[in-house]
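# A structural model of the following input is requested.
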Amino acid sequence: MKDKDIHMLFLAHYAPSSINSVLPSGIEDVVYAEYHYKVYSILKTLFPLTDSSNDPAIMLNRHLSYDFIFSLFNRMPFRNSEVFVSAVSEYHKIPYLGARPNIRALAEDKHLAKMMATYAGVNTPKWKVYNVDVELEPPDFEPPYFCKPRFGAASVGIDESSACTSWQDAQLKIAELHNQGFDVILEQQIIGTYHTSPVLNNFNRHIYLPCIAQYSTIKGGIVTYRQKRKIAPGLTRVIVSDMCLQNEIHSASKKLFPLVQPLDYTRFDYIVDNKTGVPYFLEFNVCCNLGEHSTVSQAAGHLGIDYSDLIENITYSSLFRQHVLDDPCGKQL
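The predicted model follows:
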């Protein structure tokens with residue numbers, strides 16, 4: 001099959017109905033809407049037969065017939081929704097961007113992801129899980145603690161009160177998240193700086209992109225959902241200049257990446273201890289932001305890879321991996 005003949009479905013929360021659609025008005029998520037429109041315009045140029053939908057229910061069409069599904073849906077308003085698109089794509093036997101449902105589920109469960117890191121010999125903070133309706137017993141490690149939802153991405157449920165200096169504070173935060181329907185993971189807090197390590201499959205010639213440090217003006221350097229969505233200010237991201245630290249983070253990522261195959265692109269997140277300089281694995285993301293202002297794009301740009309080439313590489317690599325195309329079409333990096 002030639003790329004121009006591929007019938008693709010683009011799925012995203014702000015997916016436009018056509019190439020001439022205007023951005024939605026009156027929304028906070030302007031940057032994300034721009035991101036989804038930009039990706040759609042790139043795909044439509046490469047694959048003229050691309051259809052676009054912002055309704056994930058299209059996946060339930062019994063007669064769904066596409067050559068490939070490019071989905072940017074990470075969360076929908078039901079439990080464990082992150083695996084929906086990949087699982088239903090498997091049902092339809094249609095190739096899709098990202099990773100298989102089991103890997104998506106692993107990425108969304110911070111408890112299981114940390115167990116994987118422990119198995120791989122990668123440092124991760126001590127932790128304990130508190131699912132909804134369980135009796136709250138103190139962990140076997142000392143404060144300070146960091147309290148956040150066990151499942152999900154983009155720092156949903158995280159704010160200044162996530163940092164708890166005592167078990168009493170942690171109980172209050174756990175109860176708050178339980179009341180919102182979140183199962184909870186409690187970590188021994190590492191006082192440090194968040195770092196991220198993006199990785200591209202690149203036709204099975206994996207590229208470990210430059211690491212990025214993230215600095216927040218919120219107390220304790222906490223990064224929130226609204227900051228990540230570019231709704232709230234106070235988040236700065238810079239390319240790591242310390243090559244020894246980058247090599248150490250890449251070494252950890254290289255232990256983890258083979259365990260989550262097959263996978264088109266990902267981002268491993270760490271926190272680097274301010275006192276010791278040791279990186280600790282926190283989580284990884286299978287459907288991380290691919291927007292022009294994302295860490296993946298920023299890291300790729302540092303290597304001279306422009307945005308369109310990045311999206312092309314990720315898409316063609318996925319198509320090639322799943323035998324939709326039998327030629328890389330010159331899109332390797």
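# where does the stretch 151-300 of the chain dip in pLDDT?
Counting by pLDDT under 70, the ranges of the stretch 151-300 of the chain that qualify are 153-155.
# Please, where are all the helices along it?
For the stretch 151-300 of the chain, helices defined by DSSP state H, counting those that start in this stretch occupy the ranges 167-179, 225-228, 243-256, 295-302.
# Tell me which residues of stretch 267-275 come out buried.
Within stretch 267-275, the residues that count as buried by 16 or more other Cβ atoms under 10 Å are 267-272. C-beta coordinates here come from the backbone N, C-alpha and C atoms, glycine included.
# Mind putting the residues you listed into TSV with distance to Q246?
Compiled in TSV, those are given as follows (distance: Cβ to Cβ, whole Å):
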residue	distance to Q246
R267	15
F268	13
D269	15
Y270	11
I271	15
V272	11
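# Take these and keep only those in strands.
Among these, the ones falling in strands (DSSP state E) are 267-272.
# mind checking which of the helices of the stretch 151-300 of the chain is nearest R205?
helix 243-256 (13.5 Å; Cβ to Cβ).
# got the CA positions of that closest one in PDB?
The C-alpha trace of helix 243-256 is given here as PDB (Å, rounded to 0.1, in the frame of the first residue of the first chain):
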ATOM      1  CA  MET A 243      25.700  15.100  30.300                       C
ATOM      2  CA  CYS A 244      26.500  12.900  33.200                       C
ATOM      3  CA  LEU A 245      23.000  13.300  34.500                       C
ATOM      4  CA  GLN A 246      21.500  12.800  31.100                       C
ATOM      5  CA  ASN A 247      23.500   9.600  30.600                       C
ATOM      6  CA  GLU A 248      22.300   8.300  34.000                       C
ATOM      7  CA  ILE A 249      18.700   9.000  33.100                       C
ATOM      8  CA  HIS A 250      19.100   7.500  29.600                       C
ATOM      9  CA  SER A 251      20.700   4.400  31.200                       C
ATOM     10  CA  ALA A 252      17.500   4.000  33.300                       C
ATOM     11  CA  SER A 253      15.300   4.600  30.200                       C
ATOM     12  CA  LYS A 254      17.200   2.000  28.200                       C
ATOM     13  CA  LYS A 255      16.500  -0.600  30.900                       C
ATOM     14  CA  LEU A 256      12.700   0.200  30.800                       C
END
